[in-house]
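**Student:** sharing a sequence plus its predicted fold:
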Amino acid sequence: MYARRQAPAAKPPEVLLPVKLITKESELQGFLGKNNNTFAPADMSTVGVHFQFAVQNNSQQPDQVVAIVICSDVPSEVAVVLVLASLSQTRITTGLRALLSDPSVVKVMYSVHQVAYWLHSYGLQDPTLVKCVDLQLWYENAVDRTILSADVLQIAAACSPEPATELAQSMHSFKVRMSPLSFEKWTNNPLPERIQRSLAQTAKLYATCYSNLRCSLDKRMNLTCANMTNTRWKVAVFNEGHHSIWFDPAADNQPRSLEYLISRAGGESAIELPKLELQCELDSLLELLPESYRDAIREVGNYHFRLVDICVDVGRTPFAYTGKKQRVLLAQDGTVVSKETVNDIIMNLGGEMRIGNDNRAGIDRQLHRISVMRSKTDE
């Protein structure tokens, strides 16, 4: 008898994600007109929002967003792909502002630092963020506090055992293939269908991850992540898209995201600190000088901020420097500095005992302002 080897079960055919591609201004205008000037899908509680960056040929220029993708976690829901090259900046910012502030839908994003700063530069300034969640912040706070910048694979593995992870792996391999695509190729060529669907799957993955983890999170954690995302957005704009960290003294000074520090403080109101100013105490320094020198310096307009250096050298004319190649004569009659004048200044300081071997002297333990150079005869 012969046993026939059973063929492996065929994988079910891949269900293609429906995509609505918007590349023309008329298409964008019609879409917003039907959706009350927002990109939020109707009757959807959770959407993933993906911002696709591309590198410009000029390496001095920062990466630019070339496409924005919005997709819910519902399998049959249409994903909206906006290719920005030919679309109105005003309409894009209007639709995004309405989406980000919509309290009826959770907006799930990934690594919002660069996104926040780019949108700020693009024209979307000071948006109101309501129910916006950065998956990286969720991972840092709920899964592993030592990982500040979790990648998509790590997040997907923590959110779902297999389906989302498989999707994340396919997305990861796609991004590797797509990485050489330059900014010019995004703007000058029709967007291939495979890229459209991969972009849509990326946004859907964000929403799917959140939907899978949402059941294990309490309302407090959801609120915390949303508040931290709001803070990260503001800090990222201030830091031009860069990540802000601090070192946690309660965890052996391990690095943590700045947003976690703010959330750990229990949402306490921020304390407005006075603006730091350099306190430059000049009176005690000027009192060391002869009265005629002091009077000449005080006649300089705004001398507290302009004064850079005072040079009193035996046998030379005394000067006060107020900037590059800018000096003020301290002896109007052209009299040069005498040895007695220098001795008087040193006595006013407290004698030569106040001058150490490093030739520096200070006043009341303040930052030293006096440099002393001795002659070859140790004078």
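**Tutor:** Alright, I've got the coordinates.
**Student:** Leu21: what secondary structure?
**Tutor:** strand (DSSP: H, G, I helix; E, B strand; the rest coil).
**Student:** for it, give the beta-bridge partners.
**Tutor:** Val81 (DSSP bridges).
**Student:** list phi and psi for Lys107.
**Tutor:** phi -100, psi 110 (degrees, to the nearest 10).
**Student:** mind listing what it touches?
**Tutor:** By C-beta atoms under 8 Å, 6 or more residues apart in numbering, Lys107 lies in contact with 47, 49, 99-100, 131-133. No exception for glycine: its C-beta is placed from N, CA and C like everyone else's.
**Student:** just for this protein, where's the confidence low?
**Tutor:** 1-16, 57-61, 160-185, 187-189, 214-218, 261-281, 354-376, 378-379 (pLDDT under 70).
**Student:** residue ranges of each domain in it, please.
**Tutor:** What automatic domain parsing lists as the domains of the chain is 19-240, 283-371.
**Student:** between these, which gets nearest to Asp248?
**Tutor:** domain 19-240 (8.4 Å; C-beta to C-beta).
**Student:** ends of that closest one, how far apart?
**Tutor:** 32 Å (C-alpha to C-alpha, to the nearest Å).
**Student:** likewise for stretch 56-67?
**Tutor:** Terminal residues of stretch 56-67 are spaced 14 Å apart (C-alpha to C-alpha).
**Student:** likewise stretch 30-40?
**Tutor:** 14 Å.
**Student:** can you pull the buried residues of it?
**Tutor:** 31-32, 35, 38-40 (16 or more other C-beta atoms under 10 Å).
**Student:** Throw those residues into JSON lines and include secondary structure, thanks.
**Tutor:** JSON lines is the format used below for the buried residues of stretch 30-40 (three-state DSSP):
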{"residue": "Phe31", "secondary structure": "helix"}
{"residue": "Leu32", "secondary structure": "helix"}
{"residue": "Asn35", "secondary structure": "coil"}
{"residue": "Thr38", "secondary structure": "coil"}
{"residue": "Phe39", "secondary structure": "coil"}
{"residue": "Ala40", "secondary structure": "coil"}
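**Student:** Phe53: which of these is nearest?
**Tutor:** Phe39 (18.5 Å).
**Student:** who touches the closest one in this structure?
**Tutor:** 32, 68, 70, 80, 82, 95-96, 98-99.
**Student:** now do the helices in the stretch 101-250 of the chain.
**Tutor:** In the stretch 101-250 of the chain, the segments counted as helices under DSSP state H, counting those that start in this stretch are 112-122, 135-142, 152-159, 163-178, 183-188, 193-214, 219-238.
**Student:** export those to CSV and tack on mean neighbour count?
**Tutor:** Converted to CSV, these look like this (neighbours: other C-beta atoms under 10 Å):
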stretch, mean neighbour count
helix 112-122, 20
helix 135-142, 23
helix 152-159, 21
helix 163-178, 15
helix 183-188, 15
helix 193-214, 22
helix 219-238, 18
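**Student:** could those helices be laid out in CSV, adding distance to Glu259?
**Tutor:** Below are the helices of the stretch 101-250 of the chain laid out as CSV (distance: least, C-beta to C-beta, whole Å):
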stretch, distance to Glu259
helix 112-122, 10
helix 135-142, 6
helix 152-159, 17
helix 163-178, 24
helix 183-188, 30
helix 193-214, 18
helix 219-238, 4
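**Student:** didn't Glu25 look like it was pressed against Ser88?
**Tutor:** Yes: if you go by C-beta atoms under 8 Å, Glu25 and Ser88 touch, sitting 5.7 Å apart.
**Student:** okay if I get the domains of the chain as TSV plus distance to Tyr260?
**Tutor:** Formatted as TSV, these follow (distance: least, C-beta to C-beta, whole Å):
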stretch	distance to Tyr260
domain 19-240	6
domain 283-371	36
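**Student:** go through the ones you listed and name the closest to Ala250.
**Tutor:** domain 19-240 (10.9 Å).
**Student:** give the contact list for the residue nearest to Arg145 when sequence neighbours are not counted.
**Tutor:** Setting aside the residues directly before and after it, Arg145 is nearest to Arg256 in space (C-beta to C-beta, 6 or more residues apart in numbering), at 6.8 Å. If a contact means C-beta under 8 Å, 6+ apart, then Arg256 has 140, 145, 148, 245-248 as its contacts.
**Student:** out of the helices of the stretch 101-250 of the chain, flag the one nearest Arg327.
**Tutor:** Here helix 219-238 is closest among these (C-beta to C-beta), at 39.5 Å.
**Student:** now do that closest one against helix 112-122, angle only.
**Tutor:** Taking axes from the mean of the first three to the mean of the last three C-alpha atoms, to 10 degrees, one finds helix 219-238 and helix 112-122 inclined to each other by 50 degrees.
**Student:** for helix 219-238, packing partners?
**Tutor:** Counting contacts by 3 or more C-beta pairs under 8 Å, 6 or more residues apart in numbering; DSSP states H and E, helix 219-238 is packed against helix 112-122, strand 132-134, helix 135-142, helix 258-264.
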